[in-house]
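> pasting the sequence and the predicted model now:
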Amino acid sequence: MVALTSAEQAMLQGDDGKAVQKAMELLVRYADALGAESFVETNNVAGVPGSSPPWVKEYYADDGGDYRAVFCRFDLDADEVFDVPRMNAFSCHLQGGMDPQLWREQGMDDAAHDNFVSDEGDVAGHGIQILKTCTPYLAGNVPVMGEHCAWMESSAVVFANSVIGARTNCEGRESTSAAMLAKRIPDWGFHRDEYRKGHHSVEVQVPVDSIYEWGMLGYYVGDAVEDSIPVITGDISDPSLIRHKHFGAAAASSGGVEMYHMVGITPEAPSVETAFGGAPRGERFVYDQAARARIYETLNSVGSCEDVDYVMLGCPHYSIEQIAQAAAMIDGRKVHENSALWIFTSRAVKATADANGYTEILRKAGAMLMTDTCSAISQAIPQGTKVAALDSAKQVHYLPAMMGIEGWYGTTQECIDAACTGKWKGRLQ
Amino acid sequence: MSGQASGTLEKPRLVIHGRKVVGGVAEGEALVTKETISGWGGVNAMTGTVIESRHELKGVSFAGKILIFPGAKGSSGWSGLFHMTRLRGTAPLAMVFNIMTTKAALGAVVMRVPTVTECDADPLEVIQTGDWVRVDGDAGTIEVWDSKPGG
């Protein structure tokens, strides 16, 4: 049974109100399920509090069928409904279900949009920041090394742990909603020093020096080490934010990687010995030309038809650097009449894209820059889509399976060319 | 053992012991996979069916089964997705898994199904799909029969 401080005991007894009490009750059940011995305090929480599709609200019709009912019954898994105050922790809402302006283009109806607007009003009303992105670190929430966070979103979690050195497990909706009220999360896993050490080695023997290569390596690493912590050495170079973003998202999708060490690149891996916390151990994987070719085949195993009717970019949400690149690639060209190009980012980044004229360049080319969501989260694709092209290993992992379509993985240039010609010409670069 | 399983006196083929994740007792047919399971993006909550490309359970539903698997992987939407299976009536009856993660722990908690981990024998090796299994979360025991006792 998890040990409680006097403050935590008081919360559990209801001294800080019913909502905090119910949040603490859920966190205690969760801590005991994990086998955690105590909680850590957190003041940086990112989740998807209270937002829900209409069917979930209908399920709680007897409890009012509103945001309050969903937050109490689903998010806090409580058996009763009560008033929910403003959140106590610094809290952020991650990605949502539709673009606030282009929702009709995404195929949403008025009822779904009304539900979205209503939920967002409640989220803001509870003091939760409307970041609406899977990349909170690009939209105003950048944790620092050693900071205890409670984040959802596997690609953001792996980024926070590995690239920044912040500390978070891959939390879920219910634990983050509870942490927003109680400012506590189980002291388990990545909050603890001993848990952050490497398990297996990955030696990179082919040059990995572009976002495309980093994405494929990430997919390989997740497949190889599953949910363990890899220590990556060898021919990996030119680190940048967007490369880490794609690498981590891919590794978290093909496996369950929540932290990785790249020796000489990530902050907790100045040396192989430090990354492992002693001598190297575990298995040794080699990423060579054969492994690279195999991963490319795997990523493209759900593609056969070369007529591409949809190109989706922005998984994880594009940075302003990526939007600038995409705009430069498509400037003066047109999206093919048989195809569509949707690019996803956060509202914060889109504001910069608007100011720089990128949104307009994309619009003139027949593409759309969308915010808040992506095709996998919203399950929104252009009507009649059969074949999608994607520059994200994570997205090609999820979208075809979820939507029952074919998918191709390639470079951003190959994807934009496919959008402009309607044909897939990608090949292993 | 309580001896109340299916009201039968038939002894289980096997009893293994582990640690409680979530309490409660449930019994039913085992669905065993040696592959980790994605929640959001890997399962259709409306039917409890695995949809992940290339997964050995692709197209198979765990609704009403005792789900025996290595652990959770993928999106942080794992708990939310499995939580929705509880609402839709497509959740497994109980779970047994090997690798503890925040996803699997939270998912088990909000699904409110008996769940056991850290077993003294590898459940993926000693239990087969189709076996009849009784999971006692509070006691941390898993009893296994070749088929439903008395059935």
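Arrived safely, thanks for sending.

> count the neighbours of residue 32 for me.
Went with chain A since none was named. For residue A:32, the neighbour count with other C-beta atoms under 10 Å in any protein chain shown is 18. (C-beta placed from N, C-alpha, C; glycine too.)

> wait, chain B was what I had in mind.
Using other C-beta under 10 Å, the number of residues around residue B:32 comes to 21.

> pretty sure it contacts residue B:62?
No: using C-beta atoms under 8 Å, residue B:32 makes no contact with residue B:62, being 10.6 Å away.

> which stretch of helix or strand covers the nearest residue to residue A:47 once chain neighbours are set aside?
Spatial nearest neighbour of residue A:47, chain neighbours left out: residue A:176 (2.9 Å); criterion: C-beta to C-beta, 6 or more residues apart in numbering or on different chains. Using DSSP states H and E, residue A:176 sits within helix A:173-182.

> what's the helix or strand just after that helix packed up against?
As assigned by DSSP H and E, the chain's next helix or strand after helix A:173-182 is strand A:184-186. On a contact count with 3 or more C-beta pairs under 8 Å, 6 or more residues apart in numbering or on different chains; DSSP states H and E, strand A:184-186 meets helix A:18-34, strand A:39-41.

> so where is the stretch 301-429 of chain A shaky, pLDDT-wise?
Within the stretch 301-429 of chain A, no stretch falls below the threshold (pLDDT under 70).

> enumerate the residues of it near chain B.
When proximity is defined as C-beta under 8 Å from any C-beta of the partner chain, the stretch 301-429 of chain A approaches chain B at A:301-302, A:376, A:397-398, A:400-402.

> same check on the stretch 101-250 of chain A?
So far as C-beta under 8 Å from any C-beta goes, the stretch 101-250 of chain A lies against chain B at A:151-154, A:157, A:169-175, A:188-189, A:226-227.

> go with 6 Å
For the stretch 101-250 of chain A, the residues in contact with chain B (C-beta under 6 Å from any C-beta of the partner chain) are A:152-154, A:169-170, A:172-175, A:227.

> would you confirm that residue B:57 contacts residue B:50?
Yes: shown here, residue B:57 and residue B:50 form a contact pair, counting by C-beta atoms under 6 Å, at 4.1 Å.

> about what we covered before: just name the most buried of the helices and strands packed on strand A:184-186.
Sort those by mean neighbour count, taking mean count of other C-beta atoms under 10 Å in any protein chain shown, and helix A:18-34 sits at the top with a mean of 23.

> is that helix in proximity to chain B?
Yes: Helix A:18-34 reaches chain B (C-beta under 6 Å from any C-beta) through A:29-30, A:33-34.

> measure the closest residue to residue A:417 other than its chain neighbours to residue B:87 for me?
Closest residue to residue A:417 apart from its sequence neighbours, by C-beta to C-beta, 6+ apart: residue A:425 at 6.4 Å. From residue A:425 across to residue B:87, the span is 45 Å (C-beta to C-beta, to the nearest Å).

> cool, and residue B:98?
Taken as C-beta to C-beta, the span from residue B:98 to residue B:87 is 27 Å.

> which of the two has more neighbours?
Using other C-beta under 10 Å as the criterion, residue B:98 and residue B:87 rank with residue B:98 on top: 18 against 15.

> so what secondary structure elements neighbour the lengthiest strand in chain B?
Longest strand of chain B, by residue count under DSSP state E: strand B:25-32. For strand B:25-32, the packing partners by 3 or more C-beta pairs under 6 Å, 6 or more residues apart in numbering or on different chains; DSSP states H and E come out as strand B:66-69, strand B:132-136.

> ok, back up a step: tell me the secondary structure for the residue nearest to residue A:417?
When classified by DSSP: H, G, I helix; E, B strand; the rest coil, residue A:425 comes out as coil.

> how much space between it and chain B?
23 Å (C-beta to the nearest C-beta, to the nearest Å).

> how many other residues sit next to that residue?
13.

> go on, residue A:165?
Residue A:165 has 17 neighbouring residues, counting by other C-beta under 10 Å.

> before I go, just wanted to say thanks for your time.
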